[in-house]
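> what's the 3D shape of this:
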Amino acid sequence: MFSAIMSFLSANLLYFILHISNTSSFPKPLSPREEKEALERLKNGDKDARALLIERNLRLVSHIVKKYYSKTNDTDDLISIGTIGLIKAIDSFNPAKGIKLATYASRCIENEILMHFRNIRKNSTDVYLGDSIEIDKDGNPLTIQETISDSRDLAEDLEKKIKWEKVSKIIANMDDEREKEIIILRYGLNNAKPLTQREVAQRLNISRSYVSRIEKKVLNDIKKNFD
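Have a look, this model is predicted:
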């Protein structure tokens, strides 16, 4: 299920990673007043407020990773995974429950990272949204994705599709095949599950630090071309 979630959120994640790549610091947190206003706008369906809340809480993801997982060599991977937890937190946060956003988000971020480590320990079989769960009487497969309700905003989905097509074109036109392969594997751009930097390194028989260096370079190049 972890792989399914990663695949489902990889486009959102890539946009935020592109936004913060190759910067020495994360965006400053919102002030209490700004956060309250953003949450109110989010409650009214403002998509820009959602993006703002995620962006301005990325520093929290970095803080949690560095505080509790500083001894690992997968900091970049964990920040990516923690960002997924942050996105889930923003989407499910309810101010009426009387808990601070930072407190709630911290729990979601930590849970997402813990799920990642549990997945590694259990070495469980990956589950994908395209996997078949049964076959109908006509022999047609029913996939997991087809059983999930879709509440997406079509206008927002179309806008994201247009932006994604532009990013995909930039990647497709990259001259360096090795760099292209690394970014495709890292973010699951070939409709497969996104891989961690360590997994990419093992598959390509290169060092994890090399994967990290190339990933940051490519993300920066894509961001410059996209802007």
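
> Tell me how many other residues surround residue 98.
Using other CB atoms under 10 Å, the number of residues around residue 98 comes to 6. No exception for glycine: its C-beta is placed from N, CA and C like everyone else's.

> Who are the contact partners of it?
Listed by CB atoms under 8 Å, 6 or more residues apart in numbering, residue 98 has no contact partners.

> Give me the pLDDT for it.
Per-residue confidence (pLDDT) for residue 98: 88.

> how near is it to residue 56?
The gap separating residue 98 from residue 56 is 21 Å, by CB to CB, to the nearest Å.

> Kindly report the same for residue 173.
33 Å.

> Residue 116 now?
Counting by CB to CB, the gap between residue 116 and residue 56 amounts to 24 Å.

> Repeat that for residue 69.
Remark: distance between residue 69 and residue 56 (CB to CB) = 22 Å.

> Below-threshold pLDDT in the chain: ranges please.
Residues of the chain meeting the criterion pLDDT under 70: 1-25, 70-73, 120-162, 191, 226-227.

> What lies in contact with the longest helix seen in the chain?
For the chain, the helix with the greatest residue count under DSSP state H is helix 101-122. With CB under 8 Å, 6+ apart as the contact definition, helix 101-122 has outside contacts at 2, 35, 39, 53, 57, 60-61, 64-65, 68-69, 78, 81-82, 84-86, 88-90, 92-93, 95.

> As a check, name the ranges of all helices in the chain.
Per DSSP H, the chain carries helices over the ranges 2-20, 32-43, 47-55, 58-68, 75-92, 101-122, 154-172, 177-187, 197-204, 208-226.

> and residue 95, what is it in contact with?
Taking CB under 8 Å, 6+ apart, one finds 39, 43, 101 in contact with residue 95.

> same thing with residue 222?
Residue 222 makes contacts with 18, 167, 170-171, 183, as judged by CB under 8 Å, 6+ apart.

> Now the buried members of these.
Neighbour-count burial (16 or more other CB atoms under 10 Å) is assigned, among those, to 18, 167, 170-171, 183.

> Serialize those residues to TSV and add fields for distance to residue 214.
Shown next, in TSV, are the buried ones among the contacts of residue 222 (distance: CB to CB, whole Å):
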residue	distance to residue 214
18	15
167	17
170	16
171	13
183	8
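
> in terms of contact, does residue 178 touch residue 214 like I think?
Yes: look at residue 178 against residue 214 with CB atoms under 8 Å: they come within range, at 7.5 Å.

> Out of the helices of the chain, flag the one nearest residue 26.
Nearest to residue 26 among these is helix 58-68; the distance by CB to CB comes to 3.9 Å.

> Alright, I will stop here.
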